[in-house]
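Visitor: Pasted the sequence and its predicted model underneath.
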2 protein chains.
Amino acid sequence: MNALAQLGMVSEHPSDNQISSAPFSSEDDRKDYFVEKDGMKFAGTHLLVDLWDARNLDDPEQIDRTLCEAAVTAGATILHSHFHHFTPNGGVSGVVVLAESHISIHTWPERNFAAVDIFMCGACDPHLAIPVMQRLFQAGRIEVDEQRRGRVQL
Amino acid sequence: MNALAQLGMVSEHPSDNQISSAPFSSEDDRKDYFVEKDGMKFAGTHLLVDLWDARNLDDPEQIDRTLCEAAVTAGATILHSHFHHFTPNGGVSGVVVLAESHISIHTWPERNFAAVDIFMCGACDPHLAIPVMQRLFQAGRIEVDEQRRGRVQL
């Protein structure tokens, strides 16, 4: 049992499932949800974004609002968001679950560092999320690594 | 408004913040939460795990249980989990938020493909999560890409 568990933040039953109940369509059943772009076919684009010399890394409500705005700007639909604030360092961990995958963030305010990942499929452009985040974090340096997850032959 | 919103799965106020309230310790304030390993100093290890020719990709409750077991096996503490089930393809999207970062999954059952990422800091070993997932997904091929997020000079 760690300190977080003692604070009552760890549930024995943390599950929070959402099951959609749309009628099953046999026509849609064979639809291919992979993306075709730049002569490639893949599941989705995954950006790993490291923010250095960043500010405003210790306010979970502000970060939640910003990541949700970033998701919508990228063309995504928000299904759920959940953020934690850690003491004593003030770090924030959280995720926005999207109909098109997710955005996550983990911050280390004592290092002015945040690790973000933005995974989006469909017609979203995850790169559009970065300037929205930068308005809040004002990072001195941003490193972006792009992975195309699930690449298959065309 | 997309189909998911029409199903009532999109909240106008999706926030679900958890703020811990441990007393602030001036001694701990200066603690460095970055990891030192293999002659490197960094924020945490981020595994991008692509599962091909996989099974059991369309049951959110089973996937939730498996990812939570995988997190604990890797030495992590679960704070929250949230999963969605999409129709008509049966795909599952979800995340387990950890005291040590997160595990996410997005599945494409029609392609027998799942994209997982496992981000863990501290003393956890994210590689230990993979065999637990493999028990459920029985993937024919697993590709693992390891990124050490937030590398700094020692």
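Guide: Yep, that arrived. On a predicted model such as this, the values are computed, not experimentally measured, just so you know. Residues are numbered from 1 along each chain as shown, chains lettered A, B, ... in the order given.

Visitor: CA only for contacts and neighbour counts going forward, please
Guide: Fine.

Visitor: give me the element the most centrally placed residue in chain A is part of.
Guide: Centroid-nearest residue in chain A: residue A:103, 0.6 Å away (criterion: Cα atoms, centre = their mean). Applying DSSP states H and E as the criterion places residue A:103 in strand A:101-108.

Visitor: Quick one: name whatever helix or strand follows that strand.
Guide: Counting by DSSP H and E, the next helix or strand C-terminal to strand A:101-108 is strand A:113-120.

Visitor: Quick check: mean pLDDT of that next one?
Guide: For strand A:113-120, mean pLDDT is 98.

Visitor: Mind checking if it is in reach of chain B?
Guide: Yes: Strand A:113-120 lies within reach of chain B by Cα under 8 Å from any Cα of the partner chain, at A:113, A:115.

Visitor: Report the inter-axis angle for that strand versus strand B:101-108.
Guide: Our comparison of strand A:113-120 with strand B:101-108, counting by axes from the mean of the first three to the mean of the last three Cα atoms, to 10 degrees, yields an angle of 10 degrees.

Visitor: do the next helix or strand after strand A:113-120 and chain B meet at all?
Guide: For strand A:113-120, the succeeding helix or strand toward the C-terminus, using DSSP H and E, is helix A:129-137. No: shown here: helix A:129-137 not in contact with chain B (Cα under 8 Å from any Cα), separated by at least 15.9 Å.

Visitor: And for stretch A:47-65?
Guide: Yes: Stretch A:47-65 lies within reach of chain B by Cα under 8 Å from any Cα, at A:50, A:60-61, A:64.

Visitor: ranking these by neighbours, who comes first?
Guide: residue A:64 (25 neighbours; other Cα atoms under 10 Å in any protein chain shown).

Visitor: That one in helix, strand or coil?
Guide: State at residue A:64, reduced to three classes by DSSP: H, G, I helix; E, B strand; the rest coil: helix.

Visitor: correct me, but it touches residue A:83?
Guide: Yes: Residue A:64 is within contact range of residue A:83, at 6.9 Å (criterion: Cα atoms under 8 Å).

Visitor: Buried by neighbour count: which residues of whatever helix or strand residue A:143 lives in qualify?
Guide: Residue A:143 is part of strand A:141-149, with elements assigned from DSSP H and E. Using 16 or more other Cα atoms under 10 Å in any protein chain shown as the test for burial, strand A:141-149 gives A:148-149.

Visitor: Distance from it to the middle of the chain?
Guide: A distance of 13 Å separates the C-alpha centroid of strand A:141-149 from that of its chain, computed with Cα atoms, centre = their mean, to the nearest Å.

Visitor: Next one: it, is it in contact with chain B?
Guide: Yes: on the criterion Cα under 8 Å from any Cα, strand A:141-149 is in touch with chain B at residue A:149.

Visitor: Contacts for that strand, please.
Guide: A:42-53, B:50, B:115 (Cα atoms under 8 Å, 6 or more residues apart in numbering or on different chains).

Visitor: and with 7 Å instead?
Guide: A:42-53, B:115 (Cα atoms under 7 Å, 6 or more residues apart in numbering or on different chains).

Visitor: which of the residues you listed count as buried?
Guide: For the contacts of strand A:141-149, buried by 16+ other Cα under 10 Å: A:42-52, B:115.

Visitor: out of those residues, what pair is the most spread apart?
Guide: For the buried ones among the contacts of strand A:141-149, with distances taken as Cα to Cα, the pair at the greatest spread is A:42 and A:52 (29.8 Å).

Visitor: excluding its backbone neighbours, what's nearest residue A:47?
Guide: Leaving aside its chain neighbours, residue A:47 sits nearest to residue A:146 (4.6 Å; criterion: Cα to Cα, 6 or more residues apart in numbering or on different chains).
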